[in-house]
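> what shape does this take:
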Amino acid sequence: MAARVLGESSSALQKSLARLSSGSKIVSPSDDAAGTGVAMKFGAQINRIQAAKDNVGNAVSFSQTQDGFLDKIGNALDRMSELAMLAQDETKTNADRSLYDKEFQKLDDFINAIADKDFNGISLFNASSSLTVTIASDGSTMTLASVNIAGNSDFASIAAPKTAIATSASAAAALTTIKTAIGVLAGNRADVGASMSRLAAESSALAIQKDNLGSARSRISDVDVAVESANFARQQILVQSGTAMLAQANVLPQSALRLIG
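Numbers count the residues shown, from 1 in each chain. Below you'll find the predicted structure:
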């Protein structure tokens, strides 16, 4: 009996030591079969949530890049509208207007160059395909607002040599076109801003979900160090006392033999 009890105490001490050294309450699936399964599912979901959060973060960077370029286009259009107004000054000759047109055409080239920009090989301003972002561990998605500059007729109509301000009449026509383009651009920036707001909310929700799932998983699988330390000390005492009692039990037969002898 002493040997059996000592063996049980030694096994419990080893398990307690394994829990403390690993930090896990479930050293073997047999410790908590149901808990092992639930903790495993929680762990997989937490990893998927982190992957979705990474996807959302990249989508935010994509949208921020879009908005940065749109802001620069807005600045260019502002200046172009100003030049178009200046070119309508009847106190200036067409030779004067041609000077304004030089800057106008360069700004137009700048806008057309931005239309071909990309983010990691993905077009920033091509509305032929909208980007779909995975925003949840179950695979739910959202579609980012598309921004079309490369194929937008309101922007394409600005392209040289279609639009110029070399004469007063052409400057007036250019101003009308630019005002339309500014309106389109304002709508695009609003769409991108709305997407960024939604992405920020989704990222925050994913962070909250990840934290709470991590806490739930911890309660199942992580060892309570204080409780387990007390149990470890208890098992040490039982092993030491069991060893001493087993030694005492081995002495008793020898005493009986001495009596017989």
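> for the rest of this, base every contact and every neighbour count on C-alpha atoms.
OK.
> how many residues are close by residue 132?
13 (other CA atoms under 10 Å).
> residues contacting it?
141, 142, 143, 144 (CA atoms under 8 Å, 6 or more residues apart in numbering).
> same check, this time on residue 209
residue 49.
> same deal with residue 70?
Counting by CA under 8 Å, 6+ apart, residue 70 has contacts 185, 189.
> host element of it?
Assigned by DSSP states H and E, residue 70 belongs to helix 33-87.
> and for residue 142?
Going by DSSP H and E, residue 142 is part of strand 141-143.
> buried residues in that strand?
residue 142 (16 or more other CA atoms under 10 Å).
> which is the next helix or strand following the helix holding residue 70?
Next along from helix 33-87, by DSSP H and E: helix 94-114.
> who are the packing partners of that following helix?
helix 33-87 (3 or more CA pairs under 8 Å, 6 or more residues apart in numbering; DSSP states H and E).
> so how far is the helix it packs on from its chain's centroid?
9 Å (CA atoms, centre = their mean, to the nearest Å).
> what does stretch 206-218 give?
15 Å.
> okay, it in PDB with CA atoms only?
Presented in PDB, the C-alpha positions along stretch 206-218 are these (Å, rounded to 0.1, in the frame of the first residue of the first chain):
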ATOM      1  CA  LEU A 206     -11.500  42.400 -34.300                       C
ATOM      2  CA  ALA A 207      -9.100  43.500 -31.600                       C
ATOM      3  CA  ILE A 208     -11.900  43.300 -29.000                       C
ATOM      4  CA  GLN A 209     -13.000  39.800 -30.200                       C
ATOM      5  CA  LYS A 210      -9.400  38.600 -30.200                       C
ATOM      6  CA  ASP A 211      -8.800  39.800 -26.600                       C
ATOM      7  CA  ASN A 212     -12.000  38.100 -25.300                       C
ATOM      8  CA  LEU A 213     -11.400  34.900 -27.100                       C
ATOM      9  CA  GLY A 214      -7.800  34.900 -25.700                       C
ATOM     10  CA  SER A 215      -9.100  35.300 -22.200                       C
ATOM     11  CA  ALA A 216     -11.700  32.500 -22.700                       C
ATOM     12  CA  ARG A 217      -9.000  30.200 -24.000                       C
ATOM     13  CA  SER A 218      -6.600  31.100 -21.100                       C
END
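> list the pairing partners of the strand holding residue 142 within its sheet, with orientation.
Sheet pairing of strand 141-143 (DSSP bridges) gives strand 132-134 (antiparallel).
> pLDDT on the strand it pairs with, on average?
In this model, strand 132-134 has an average pLDDT of 90.
> domain map for the protein?
1-23+231-261, 34-222 (automatic domain parsing).
> circling back to that earlier point, between the helix holding residue 70 and helix 94-114, how many degrees?
Put simply, helix 33-87 runs at 170 degrees to helix 94-114, going by axes from the mean of the first three to the mean of the last three CA atoms, to 10 degrees.
> that'll do, ta.
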